[in-house]
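> predicted structure and sequence below. I'll ask about it afterward.
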Amino acid sequence: MLGPVVDDETRCVHYRTPLDVIAIEFACCRDFYPCHLCHAETADHPAEQWPVSDENERAVLCGVCGHLLTIAAYRAADECPECAAPFNPGCKLHAHLYFEVD
C-alpha cells in the first residue's frame, strides 16, 4: 500500500472515516493507493482511469478482510461481499477519478 496510510484497513490522511476501507489499484502503475490524493502526492506520474472494458479486473481491495473485488463488483456494492464491511457511499462521487464512466 502506497501513500500516507494511517491504519491497517487502508485509511489515509485524506479519507479516514470508519467507512473508508478500500484501496484501488491504479491502472497507470498497478500500485494500490487509498485514494486519488495519495496517488497525486506520492506517484511520479499522473493517474490514469481504468477503461470500461477492464471492469472485470480485480482492482479494489477491501482493507478490512483483504478481499479483491472486480471494478464492476465494487461499483455495484455498498459493502464488501466477503466480510460485509460497509463502504463509504460518498466514494461514488469520485468514481470518474479512478474509472472511465459511461
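Received, thanks. Numbering: from 1, shown residues only.
> contact partners for residue 68?
Neighbour list for residue 68: 58, 59, 60, 61, 62 [criterion: CB atoms under 8 Å, 6 or more residues apart in numbering]. C-beta here means a position set from N, CA and C on the backbone, and glycine is covered the same way.
> spatially nearest residue to the first one (excluding sequence neighbours)?
Translated: residue 58. residue 68 (4.1 Å; CB to CB, 6 or more residues apart in numbering).
> also the third one?
Distances taken as CB to CB, 6+ apart put residue 74 closest to residue 60, at 4.0 Å, once the chain neighbours are dropped.
> isn't there a helix covering the one you found?
Yes - assigned with DSSP: H, G, I helix; E, B strand; the rest coil, residue 74 falls within a helix.
> three-state assignment of the residue nearest the centre of the chain?
For the chain, the residue nearest the mean C-alpha position is residue 24 (2.8 Å; CA atoms, centre = their mean). State at residue 24, reduced to three classes by three-state DSSP: strand.
> residue numbering should commence at 805 henceforth.
New numbering, starting at 805: the last item is residue 828.
> right, I'll leave it there.
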